[in-house]
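1. 3D, please:
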Amino acid sequence: MRNLLSMLIPAALAGALGAQLPVVPAPQRVALAEGRIAIAGLACEHAAFAPQLAAFRTTLSQLGASIDAAPERGLTMRIQPFPDDAEAHPAESYRLRIHNGEASVFAADSLGVARGTATLCQLLEIEDGVALWPCLTIDDAPELPFRCFMVDLGRNPHSPQVLQHVVDLCWFYKVRFLQLHLSDDQLCSWPSRAFPKLRDERAGWTWEDFVALEAYAVARGVTLVPEIDVPGHSTILRARYPEVFGTSPEELATSPAATEGVKRLVDELLSVFQSTPYLHLGGDESGVGGDPLRDFLNRIAREVKARGRRAIVWEGPSLGVGEHKLDTDVLQMNWDTVPFPAQQMLDAGYQVVNAAWDPMYIVDHYPRTMFTAAPVRRCYDWDPRRFAHVDPGMPTFLQPHVTKTADGILGFCMPWWEGRAENLLGLCAPRLAAVAAGAWNRDGERDFTWFDQRQQRLLQRFEAIARVELPRTPFADPATQQRNLAFRGHVSVSTGASQPPFGPERLTNGITDRFDFFLGYPCAPQPLEITVELAAPSIVARVVVHETAVGDSHEVYELHTSADGVNWQHVGRSIERSARGDRSFVEHRFAPRSVRFVHVRTRGCHDLTFPSFSRLCEIEAFAD
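-> This next block holds a predicted model:
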């Protein structure tokens with residue numbers, strides 16, 4: 001096996017690495033020496049780090065590395081606290097020192113151990129079962145403390161095994177928090193003992209499952225943050241226990257019995273999720289306005305604080321005044337930024353987490369398979385101060401809200417809303433990695449092309465660790481595509497090319513299924529330009545454009561062809577649903593001509609979620 005470092009790093013860069021090491025996120029400081037060192041054993045005499053050591057050893061075994069607890073010969077890697085005052089080092093910080101016959105991991109805390117072992121697993125090479133690491137020194141710590149991924153367990157079930165995979169993902173890319181949205185109007189995944197009728201068999205979780213997940217996450221440096229959404233999104237609580245939680249969000253927010261019921265749920269959650277410094281209360285889209293909502297959230301937040309934790313809410317309650325102002329100790333997750341802009345939150349004394357739709361939200365639009373997700377490049381270029389929406393009807397689509405400072409913005413939350421478990425990793429893994437990279441080391445993560453090269457290799461390593469297979473673009477049998485001149489033609493787009501697993505290559509993969517689409521974004525304010533290059537100049541008389549067809553949805557586009565890529569001829573358009581009728585495609589016929597390029601200028605798919613997204617499925621070209 002060739003040395004991966006030599007393949008990925010030019011020799012001239014060996015002395016000034018930082019962002020050049022094939023690791024995501026890029027470490028803050030790197031010094032690379034010559035050679036590699038084989039490690040035969042692992043040792044740790046610090047009891048607090050034992051869970052992380054065990055998890056690291058398990059991961060190495062899964063990757064095929066032979067590591068003994070006490071090898072008879074060979075070098076042992078030692079995991080230990082920093083030799084000086086640990087408090088002088090920031091939380092999650094670590095140092096790797098591998099050279100001159102020494103292999104050491106120093107850490108400020110157990111989280112730092114997990115961050116260091118994640119880096120080691122990304123750098124690991126294995127030859128004949130022997131674990132090899134490059135000679136180097138890394139000093140590393142995150143820039144932003146709040147790096148969070150959220151899974152919606154309140155719409156569709158996600159099994160304990162799937163959540164273990166998500167923990168692996170968070171550990172691998174140094175994402176500290178995994179928020180569990182445990183309840184919503186459709187489903188409650190929390191197996192409450194105080195209120196057993198809340199438990200839904202469809203969710204599939206037991207109390208013991210969550211205890212096991214907490215231990216699994218702690219060992220990997222991932223902190224689980226539970227969320228019970230109240231007083232809105234509480235249909236199941238109210239339907240199954242109206243005598244406790246009332247019959248409306250207003251009653252839940254104002255009833256003493258409901259407050260006591262929520263406090264019992266808080267106690268249950270914190271008895272299981274013991275490592276969390278936070279508890280999320282929901283608080284958005286409740287229909288409860290003004291003082292009653294803020295007063296309710298303050299009551300529960302005080303109970304959370306009395307138990308040594310800090311409450312989080314979604315942007316929802318407005319500012320308020322005096323005793324009716326939401327306590328500034330409550331952490332605000334700003335996602336919509338219209339009713340309560342992030343700058344106003346900061347000015348009012350709140351700390352803020354950026355969870356804005358663009359680029360954070362990844363939505364499966366339950367119960368339809370109809371995704372909203374920003375391109376990976378947009379995630380990579382994320383700015384903590386920028387709060388924007390994907391909906392052209394929202395004012396922050398054309399004019400994103402940008403705060404005056406990043407001070408007070410703790411980090412990000414990337415939520416996976418309404419999704420099916422089978423779609424989670426394929427959509428979320430590359431986007432979470434991209435956001436996490438910048439949140440850890442913005443100055444070291446400025447080159448998307450280099451990030452993408454690292455990421456392609458590391459996703460394969462993640463698959464091996466989690467024992468999963470991420471989706472690839474499918475292609476039709478070439479025997480069925482002999483008349484289709486556009487089959488596997490090269491597709492270039494003006495923006496939004498990085499859309500795994502729904503990238504532009506789907507437009508010429510020969511599959512016309514309406515859910516095998518290119519998730520093009522954005523298509524406004526400027527249209528999205530799509531160019532298909534045929535394998536060779538060909539006589540074309542017909543182009544068929546397939547699109548996602550759900551109800552009255554319709555793609556709005558203009559169609560052109562060209563023989564040379566310079567001179568274009570207009571050959572068709574689709575403006576209204578009537579263009580496709582009851583079919584999922586529009587057939588454009590024209591006089592036969594020589595064609596090398598087919599060009600679509602689309603303004604997105606209208607009457608289906610957000611028209612800023614294109615949902616074209618296939619572009620075919622035929623001679624007849």
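2. Can you check the pLDDT for R29?
-> Per-residue confidence at R29 stands at 96 (pLDDT).
3. which phi and psi does the residue nearest to it when sequence neighbours are not counted have?
-> What sits nearest to R29 in space, not counting adjacent residues and going by Cβ to Cβ, 6 or more residues apart in numbering, is D139, at 4.4 Å. Where you see a C-beta, it was placed from the backbone N, CA and C, and this is true even at glycine. The phi and psi torsions at D139 (degrees, to the nearest 10) take the values phi -120, psi 120.
4. what about D139, how many neighbours?
-> Counted with other Cβ atoms under 10 Å, the neighbours of D139 add up to 16.
5. so how far is V545 from it?
-> Computed with Cβ to Cβ, to the nearest Å, the distance linking D139 and V545 is 53 Å.
6. Quick check: A108 touching D84?
-> No. A108 is beyond contact range of D84, at 10.5 Å (criterion: Cβ atoms under 8 Å).
7. And these two? Which one has more around it.
-> It is A108, of A108 and D84, that has more neighbours when counted by other Cβ under 10 Å, with 22 against 9.
8. pLDDT wise, what is that one at?
-> Looking at A108, its pLDDT reads 95.
9. measure the nearest residue to it once chain neighbours are set aside to E102 for me?
-> Of all residues beyond its chain neighbours, the one nearest A108 is H89 (3.9 Å), with distances taken as Cβ to Cβ, 6+ apart. Computed as Cβ to Cβ, the H89 to E102 distance reads 19 Å.
10. Look at the two and report which has more neighbours.
-> A side-by-side neighbour count of H89 and E102, using other Cβ under 10 Å, places H89 first with 20 against 12.
11. In this structure that one contacts L111, no?
-> No. When contacts are counted by Cβ under 8 Å, H89 is not listed as touching L111 (11.3 Å).
12. just for the stretch 351-500 of the chain, where's the confidence low?
-> Filtered on pLDDT under 70, the stretch 351-500 of the chain yields the residue ranges 369.
13. the strands in it, which residues?
-> All strands of the stretch 351-500 of the chain, identified by DSSP state E, counting those that start in this stretch, fall at 352-354, 362-363, 386-387, 401-402, 409-417, 490-493.
14. okay, the residue nearest to A108: pLDDT?
-> Looking at H89, its pLDDT reads 93.
15. quick one: contacts for it?
-> With contacts taken as Cβ atoms under 8 Å, 6 or more residues apart in numbering, H89 has the following neighbours: F82, A108, G112, A141.
16. And A436, by the same measure?
-> By Cβ under 8 Å, 6+ apart, the residues touching A436 are V24, P25, R147, Y173, K174, V175.
17. likewise P384?
-> Contact analysis of P384 by Cβ under 8 Å, 6+ apart lists L144, N354, A406, I409, G411, F412, A439.
18. just checking, E285 touches V230?
-> No. Applying Cβ under 8 Å as the test, E285 and V230 come out as separate, 11.5 Å apart.
19. rewinding a little: turn the contacts of A436 into TSV, including neighbour count and secondary structure.
-> Rendered in TSV, the data for these read as follows (neighbours: other Cβ atoms under 10 Å; DSSP: H, G, I helix; E, B strand; the rest coil):
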residue	neighbour count	secondary structure
V24	25	coil
P25	30	coil
R147	27	strand
Y173	25	coil
K174	27	coil
V175	29	coil
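20. Which helix or strand contains L132?
-> L132 is part of strand 130-140, with elements assigned from DSSP states H and E.
21. Would you mark the buried spots in that strand?
-> Taking 16 or more other Cβ atoms under 10 Å as the neighbour-count basis, strand 130-140 is seen to contain the buried residues A131, L132, W133, P134, C135, L136, I138, D139, D140.
22. so what pLDDT did the fifth one get?
-> The predicted structure scores C135 at 96 on the pLDDT scale.
23. and if you look at the second one?
-> The model reports L132 with a pLDDT of 94.
24. in the sheet, who's paired with it?
-> Using DSSP bridges, the beta-bridge partners of L132 come out as A38, E125.
25. what do you get for the last one?
-> For D140, the beta-bridge assignment (DSSP bridges) gives partners Y94.
26. Quick check: which element contains D209?
-> With elements taken from DSSP H and E, the one containing D209 is helix 207-218.
27. Distance from the chain centre to that helix, please.
-> Helix 207-218 sits 21 Å away from the centroid of its parent chain (Cα atoms, centre = their mean, to the nearest Å).
28. So which elements touch that helix?
-> With contacts defined as 3 or more Cβ pairs under 8 Å, 6 or more residues apart in numbering; DSSP states H and E, helix 207-218 has these neighbours: helix 160-172, strand 223-230, helix 256-272.
29. which residues are contacting the helix or strand following the shortest one?
-> This points to strand 223-230. Past strand 223-230, heading to the C-terminal end, the next element that is a helix or strand (DSSP H and E) is helix 235-240. Contacting residues not belonging to helix 235-240 are listed as 183-188, 195, 197-198, 200, 230, 244-249, 251-252, 261 [Cβ under 8 Å, 6+ apart].
30. list the buried ones in the helix or strand just after helix 235-240?
-> The C-terminal neighbour of helix 235-240 among helices and strands, as given by DSSP H and E, is helix 242-245. Within helix 242-245, the residues that qualify as buried are V244, F245, counting by 16+ other Cβ under 10 Å.
31. likewise stretch 545-556?
-> Within stretch 545-556, the residues that qualify as buried by neighbour count (16+ other Cβ under 10 Å) are V545, H546, E547, T548, A549, V550, S553, H554, E555, V556.
32. Need these in TSV (columns: distance to F451, pLDDT and secondary structure).
-> Rendered in TSV, the data for these read as follows (distance: Cβ to Cβ, whole Å; pLDDT from 0 to 100; DSSP: H, G, I helix; E, B strand; the rest coil):
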residue	distance to F451	pLDDT	secondary structure
V545	33	98	strand
H546	32	97	strand
E547	32	95	strand
T548	30	91	coil
A549	35	86	coil
V550	34	88	coil
S553	34	91	coil
H554	36	94	strand
E555	31	96	strand
V556	33	97	strand
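33. the domain parsing of this protein - what is it?
-> With domains defined by automatic domain parsing, the chain comprises 4-140, 146-440, 478-622.
34. Settle this for me: Q28 is touching D140, isn't it.
-> Yes. Between Q28 and D140 there is a contact under Cβ under 8 Å: 5.0 Å.
35. Pretty sure R199 sits against P191.
-> Yes. With contact taken as Cβ under 8 Å, R199 and P191 are classed as touching, separated by 4.6 Å.
36. isn't L265 right up against R193?
-> No. The pair formed by L265 and R193 falls short of the contact definition of Cβ under 8 Å, at 10.3 Å.
37. When those two are compared, which one has more neighbours?
-> Taking other Cβ under 10 Å, L265 and R193 do not tie; L265 has more neighbours (23 against 12).
38. residues touching the residue nearest to that one when sequence neighbours are not counted, list them.
-> Counting by Cβ to Cβ, 6+ apart, the nearest residue to L265 once its immediate chain neighbours are dropped is I228, at 5.4 Å. I228 sits next to L182, S183, W190, V262, L265, V266, L269, H280, L281, G282 when contact means Cβ under 8 Å, 6+ apart.
39. Check those residues and tell me the two furthest apart.
-> Using Cβ to Cβ, the contacts of I228 reach their maximum pairwise distance at W190 and L281, which is 13.8 Å.
40. higher neighbour count, the two?
-> Between W190 and L281, counting by other Cβ under 10 Å, W190 is the more crowded of the two (26 against 23).
41. Please report phi then psi for the residue nearest to the more buried one when sequence neighbours are not counted.
-> Nearest-residue entry for W190: L182, 4.4 Å, with adjacent residues in sequence omitted and distances by Cβ to Cβ, 6+ apart. L182 adopts backbone torsions of phi -80, psi -20, taken as degrees, to the nearest 10.
42. Run a quick neighbour tally on L182.
-> As a burial measure, L182 scores 26 neighbours (other Cβ under 10 Å).
43. Enumerate every residue touching it.
-> By Cβ under 8 Å, 6+ apart, the contact set of L182 is L153, G154, C188, S189, W190, P226, E227, I228.
44. do H599 as well
-> With Cβ under 8 Å, 6+ apart as the criterion, the residues that contact H599 are E529, I530, T531, V532, L559, H560, T561, S562, W568.
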